[in-house]
Structures are given as C-alpha cells and as structure tokens.
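In: Need the 3D shape of this:
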Amino acid sequence: MLIFYDSFCMLLLNKKVIFSIILLLLSNEPAIAGTISAEEIFNKLGFSSAEKEKIANGEFVSKELSATHDRELAITIAFHVKMTIDELRNEIKKKPIITTDPGTIDWSSISRDASLADFKMLDLGPDERERSMAYLKAEPGIALNLSKDEILAFNAIEVLPGQSPIKPTTEAVKKQLLERLRAYRQNGLSGIAPYERAKDNTSVSTFLRQASETLSTLKTIMPGLYNVLIDYPKNIPDELSEEFIWHNYNAYGEPVFILLHQLEMADAEIFVVVQRQFYVSGSYNGGQSISAFVPVENGKATIVFYVNRVSTDQISGLASTLKRSMGSKIMINKLKDIFQQSREKVEQNIQQ
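Out: From the prediction side, this is the model:
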C-alpha cells in the first residue's frame, strides 16, 4: 500500500534535469547542456553506479529513507517499465496494485455523493465475530484506531441475549467509516479525528501535513497538486483527478479497514499519483505514497519512482531504531513482490 517528501523532492528535482539523467542512465546520451551533472544528481538520490545499472536492467532498487519522527517508516523504490506513460495511466485505472496485492480482502470505490450504499459490500470478514467483539469492547490504545467519540459509540451498541453481534457492529463500522470520509472531504486534514490512546493521542493529520509540507520540489513543479495536499478540499485544479476507496485489507496478519484518497495529475513530461491513507482501523496509523512516472527511451518506456511513508506506533519506544529498520525491510520486500507482479501483469496486458 500505498502515500512522500524531501527524498521525493530529490527524486523529482527539475523535470528536465531528471529526464536528461534517466536518458543518460539508459542510453548513455550526454546530459542537456547547462543542467546539473548526472553524478551530482545521483549523489543526491543516493543511487550508486551499480544501482543505476540494476534499474536499467529491470531490477527494483530500494532504499530506506530518514524518518521525520520516531513513528515513521520511510522507503523508496525505483524501477523500469516497458510501457509508455499513457499506457501506464490506462492500466492504473484497473487498480493493478489493489487487485494484485495478496493482502486485499475486499475493496470498492466510493461515489462523489458518498452514502452508506457505498459500503453495502463491506463486512467484517475474515473472523467476523472476533472483529465485531473487538469493536464492542473498544478502549483507548493501539488495538483499534478510534476517536474518543467512536469508542463510546461502539461501547453503546446493545446486543440482546442470543443475538449475534456481527450485524449491529458491521452497520456501526459502515457508519463510522462514512462519517470519517465526510469529515475529511469537508475539512481536509483538520477533519481527521485523532486516535484515542491511553497516553499521547495519535494525530494522523499532523503526520500527513508534515509529510506534505516537505515536498518543496513538488510545490515548484506541480503547485496545484502540492496545494491540494496541504489545503484539501480547497482550490482543486481542473486537471487533477481524485478518487476515494474503502479497502478491507490484511495488514501483516491483521485485517483492517482503510480509507484511501487517490490523486492523479500530469503535465507535459511527468505523471504523478498520490495515495493518501487518511484512516486505518488498526496495525498502523496512516500513510502517504507518491509515484512519479518519468518517460525514457524517447517515451517508449517509463521509470517509476515510488516513495512511501507510514506512521505506526509499533516502532516507537525502546529499540526504536532496530524496529524501524526491520519494519522498513519488511515493507520493502512486500512492496517489491507486489510491484513485480503488477509490472508483469500490465506489460502482459499491453502485449496481448
């Protein structure tokens, strides 16, 4: 899954500069006169000569990025796809990542006029009874990501003797997700209610704002997209497309519900996709990833730069550095597998 920052800024840098650098990488053509040297740029990105060769040869190159706070995992992956940007944009509409990811239990797009009808297919599977009881017994802590009011609402559900808790709890979860969605759509980051903890509540709003504010290069290249990340739902550019999705997802063995905001924007040279997980019901707090699609080989192929930042309480406290490193490696390996399968799938679709 998907969410991006100073490291992504370095990835994008100047569009003409990075375009010339990738051409240099794949075809050994000289860089455009007057641009910063390839060596300087690759030093900023942190890619070695060996890693550049791996990207050109179709391998996935990944790195762990510096975290902006003690609850954050941050990674980047770069890879080559034998497709044009237009072909990739068409394939992205088919949701190859969601449909390929083995963690996907169920998902659905949410209409512009969001209502409970958009959640009609949502259920608490797998383990419906166990998940429903967790909601009924909800309390402050990391077992479930809920606000104070949400905890009180789930605690107040009445289950009559002999009655299954699954149906009333499922309906309450649908209502809770809809209210979260509406609050975000109406008020953006300020509409995201914090998660109630036994101590020091968790603010996904703060995490997403800090992550977005570091995108100084994106601010220069695509100010419209940058401003939306900061001030959503204000000043949405006509050329920006957006979609909301609910996702029932198995996050490392724990089923969770995710509310996802996907934004896409393109200019004459690059295509950028942002995936913002502004609510996650458990396992971790939220995330934001950015994928930048850069044309190479005279537009016949594409380099994908992917940066993902995730907020999680699981890595804070004692041995946080070790836990962060282990968490990043697990995330990188999982994403590489998903990207590999997705790349094969979309390239096969083009060949058929």
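
In: Determine the longest helix present in this structure.
Out: helix 320-351 (DSSP state H).

In: quick one: least confident helix or strand in this protein?
Out: None of the helices or strands of the chain scores lower by mean pLDDT, DSSP states H and E than helix 6-12, at a mean of 35.

In: sorry, back to before: what residues of the longest helix of the chain count as buried?
Out: The neighbour-count criterion (16 or more other Cβ atoms under 10 Å) identifies 323-324, 327-328, 331-332, 335-336, 338-339, 341-343, 346-347 as the buried residues of helix 320-351. All C-beta atoms are positioned from the backbone trio N, CA, C, and that covers glycine.

In: Identify, from those residues, the entry nearest to Lys174.
Out: Ile338 (27.5 Å; Cβ to Cβ).

In: Distance check, the residue nearest to the closest one when sequence neighbours are not counted against Asp337.
Out: The shortest distance from Ile338 to any residue other than its chain neighbours is 5.2 Å, reached at Asp101 (Cβ to Cβ, 6 or more residues apart in numbering). If you measure Asp101 against Asp337 using Cβ to Cβ, to the nearest Å, the figure is 9 Å.

In: With Leu177 instead?
Out: To Asp337, Leu177 is 28 Å away according to Cβ to Cβ.

In: In terms of secondary structure, what does the lengthiest strand in the chain contact?
Out: When every strand of the chain is counted residue by residue (DSSP state E), the longest turns out to be strand 254-266. In terms of contact count using 3 or more Cβ pairs under 8 Å, 6 or more residues apart in numbering; DSSP states H and E, strand 254-266 is assigned the packing partners helix 85-92, helix 166-187, helix 223-231, strand 241-251, strand 271-280.

In: Quick one: these as JSON lines, columns for mean pLDDT too.
Out: As requested, these are arranged in JSON lines below (pLDDT from 0 to 100):
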{"stretch": "helix 85-92", "mean pLDDT": "89"}
{"stretch": "helix 166-187", "mean pLDDT": "98"}
{"stretch": "helix 223-231", "mean pLDDT": "95"}
{"stretch": "strand 241-251", "mean pLDDT": "97"}
{"stretch": "strand 271-280", "mean pLDDT": "95"}
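
In: quick one, what contacts Glu242?
Out: The contact partners of Glu242, taken as Cβ atoms under 8 Å, 6 or more residues apart in numbering, are Ile236, His261, Gln262, Leu263, Glu264.

In: gap between the fourth one and Ile236?
Out: Distance of Leu263 to Ile236, given as Cβ to Cβ: 9 Å.

In: okay, these two: which has more neighbours?
Out: Just comparing Leu263 and Ile236: by other Cβ atoms under 10 Å the higher neighbour count belongs to Leu263, 19 against 16.

In: residues near Ile185, how many?
Out: No Ile there; residue 185 is Arg. Look at Arg185: counted by other Cβ under 10 Å, it has 16 neighbours.

In: Isn't it up against Arg112?
Out: No: using Cβ atoms under 8 Å, Arg185 is not in contact with Arg112; the gap is 9.3 Å.

In: which residues do Leu263 and Ile236 both contact?
Out: With Cβ under 8 Å, 6+ apart as the test, Leu263 and Ile236 both reach Val228, Glu242.

In: hmm, back to that, considering the contacts of Glu242, which is situated nearest to Leu124?
Out: Nearest to Leu124 among the contacts of Glu242 is His261, at 23.1 Å by Cβ to Cβ.

In: Which strand residues bridge the residue lying closest to that closest one once chain neighbours are set aside?
Out: Spatially, and ignoring its direct neighbours in sequence, His261 is nearest to Arg276 (4.4 Å; Cβ to Cβ, 6+ apart). Under DSSP bridges, the beta-bridge partners of Arg276 are His261, Gln288.

In: what's the distance between Arg276 and Asn333?
Out: From Arg276 over to Asn333 (counting by Cβ to Cβ), the distance is 23 Å.

In: Likewise for Val274?
Out: 23 Å.

In: quick revisit: Serialize the helices and strands packed on strand 254-266 to a markdown table and add fields for distance to Arg197.
Out: As requested, the helices and strands packed on strand 254-266 are arranged in a markdown table below (distance: least, Cβ to Cβ, whole Å):
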| stretch | distance to Arg197 |
| --- | --- |
| helix 85-92 | 36 |
| helix 166-187 | 17 |
| helix 223-231 | 26 |
| strand 241-251 | 19 |
| strand 271-280 | 15 |
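
In: Could you point out which of these sits nearest Ser108?
Out: Ranking these by distance to Ser108, with Cβ to Cβ as the measure, places strand 241-251 first at 5.9 Å.

In: by how many degrees do that closest one and helix 223-231 diverge?
Out: Between the axis of strand 241-251 and that of helix 223-231 there is an angle of 50 degrees, by axes from the mean of the first three to the mean of the last three Cα atoms, to 10 degrees.
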